[in-house]
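**Q** missing the sequence, but the structure's below:
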């Protein structure tokens, strides 16, 4: 009986030690959870938010169509009706969204997110921005937007097909909640969008 108790104690110590040996995910593991970088209009989106992977699932509400990602190429509002090369993308899951707005996306290349601007739809024709919003059912707890030259980002457009309305690219940005000072770091972003 004494040997049985010793064996049970050793086994318990070993098993409890294994719980602390749980493998932590590396950045490469987290990036592997994101959708691949494609250029086919697959309507995919993903990124890391403060080092945690984010792939939109949809809003789960009746307020918006329950698409995980909406947007793409869109026409501008007055006074620039002719401009059909602005891109607005909104990736959503319940209480969390990431939005990108980029003006005049008519070719591949780097587009900076470094302006002071309001977000769409509060601004009819905003400057380029990245926006992160986390909210509860009753209130917006944080809304963080790229601001001026301090909290900036960039979008690398890898496909700018204005005929087939497909826009694809990679992005990263830092955003600040100007009310609280909270900063959010969005990295390793990718999207491949064709308006539904």
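**A** Perfect, thanks for sending it. Keep in mind it's a predicted model, so treat the numbers as computed, not measured.
**Q** doesn't residue 39 fall inside a helix?
**A** No - looking at residue 39 with DSSP: H, G, I helix; E, B strand; the rest coil, it is coil, so not inside a helix.
**Q** contacting residues around it?
**A** Listed by CB atoms under 8 Å, 6 or more residues apart in numbering, the contact set of residue 39 reads 158, 159, 166, 168, 192. In this view, the C-beta of every residue, glycine as well, is placed from N, C-alpha and C.
**Q** over to residue 93?
**A** Counting by CB under 8 Å, 6+ apart, residue 93 has contacts 54, 56, 57, 58, 59, 60, 68.
**Q** the fourth one: neighbour count?
**A** Here the count is done by other CB atoms under 10 Å, and residue 58 has 16 residues near it.
**Q** who are the contact partners of it?
**A** 66, 67, 68, 92, 93.
**Q** of all the contacts of residue 93, which two lie farthest apart?
**A** 54 and 60 (15.5 Å; CB to CB).
**Q** neighbour count winner among those two?
**A** residue 54 (22 against 12).
**Q** give me the distance between that one and residue 116.
**A** According to CB to CB, to the nearest Å, residue 54 and residue 116 sit 25 Å apart.
**Q** closest to residue 104 out of the contacts of residue 39?
**A** residue 159 (15.6 Å).
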